[in-house]
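> Pasted the sequence and its predicted model underneath.
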Amino acid sequence: NYTIALSGGCGTVSASGTITITVPLPVSVSITADANPVCAGTTVNYTAAPVNMGTTPVYQWQINGVNSGLNSNAFSYVPVNNDTVTVILTSSEVCTINNPDTSTAVVMTVNDLPVGSTVSNDVACFGQPTGSVDLTMTGGLLPMTYLWSNGAVTEDLTGVVAGIYSVTITDANFCTLVLSETINEPASAVSGTITSQTNVSVFGGNDGSVTVDGSGGTPPYLYSLNGGAYQASGIFSSLTAGNYTV
């Protein structure tokens, strides 16, 4: 409140009233990231926490000093290692100090993903558990853990049937890599058919013969008569009368 008095030869005049003094509002802003450090390729969400921003504030996000994003208190992007993220807040309040204000930078730590490759060894015989996958890791922070789709936790996969197998590799930074490999097998089990047979023509003779054709499995085929030496041909001749196993 104030009072003004004027005096002179004609008397004294006075008046009173109220003066309103507005204290300037300090403007400030800070930001937080929902994750830091992160693994490469991860989208990070940033949120601004403004103070005295007014009803229509303006936000300008920056990555390494370059403008980015929209006029919003939230911002999302996929950072790379050592990126610096800031936001500039311009308040719409009339009487302010420190307006606009730039937040303290969030410096991102982005860890590389594990790097690896797989090589499969197919099942040799139909239906047998002889398949395997050899996993080779060339990147990522040791130690690493492994989880295969069949429950195995070893680096390499052995003694499995045909199928599609995936493995999730997690390194010491908790960054993950998922690889998948297919183990094949022959379309069917190996089998054979006697396509021709010639019996011995005379008692005690040795002019008998038999021809066997292989099928299924994986060609080419080798043939053995009664456990003898293998040969590429399925034709066996000069046989005497008797029972034979091919």
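Sure, I can see it.
> gap between the residue nearest the centre of the chain and residue 58?
For the chain, the residue nearest the mean C-alpha position is residue 177 (4.7 Å; CA atoms, centre = their mean). Residue 177 sits 41 Å away from residue 58, taking CB to CB, to the nearest Å as the criterion. Every residue, glycine included, has its C-beta placed from N, CA and C.
> which residues sit in contact with residue 158?
Taking CB atoms under 8 Å, 6 or more residues apart in numbering as the contact definition, residue 158 lies against residue 132.
> can we see that at 10 Å?
121, 129-134, 152 (CB atoms under 10 Å, 6 or more residues apart in numbering).
> show me where pLDDT drops low in the chain?
Residues of the chain meeting the criterion pLDDT under 70: 1-15.
> again, 90 this time
1-23 (pLDDT under 90).
> ok so, going back, ok, so of the contacts of residue 158, who is nearest residue 96?
residue 152 (62.7 Å; CB to CB).
> was I right about that closest one contacting residue 165?
Yes - counting by CB atoms under 10 Å, residue 152 touches residue 165, with 8.6 Å between them.
> if I look at the two, which residues touch both of them?
Shared contacts of residue 152 and residue 165, counting by CB under 10 Å, 6+ apart, come down to residue 133.
> Looking at these two, which is more packed in?
residue 165 (21 against 17; other CB atoms under 10 Å).
> Can you tell me how far that one is from residue 124?
In terms of CB to CB, residue 165 sits 17 Å off from residue 124.
> what's the answer for residue 110, then?
Going from residue 110 to residue 124 by CB to CB gives 44 Å.
> Between the two, tell me which one has more neighbours.
The neighbour comparison of residue 110 against residue 124 (other CB under 10 Å) goes to residue 110, with 21 against 12.
> Ramachandran angles for the more buried one?
Dihedral pair for residue 110: phi -120, psi 120, per degrees, to the nearest 10.
> quick one, what contacts it?
36-42, 44, 78-83, 173, 175.
> By neighbours, which of those wins?
Ranking those using other CB under 10 Å puts residue 79 first, with 26 neighbours.
> these two touch, right, that residue and residue 68?
No - counting by CB under 10 Å, residue 79 does not reach residue 68; the two are 11.1 Å apart.
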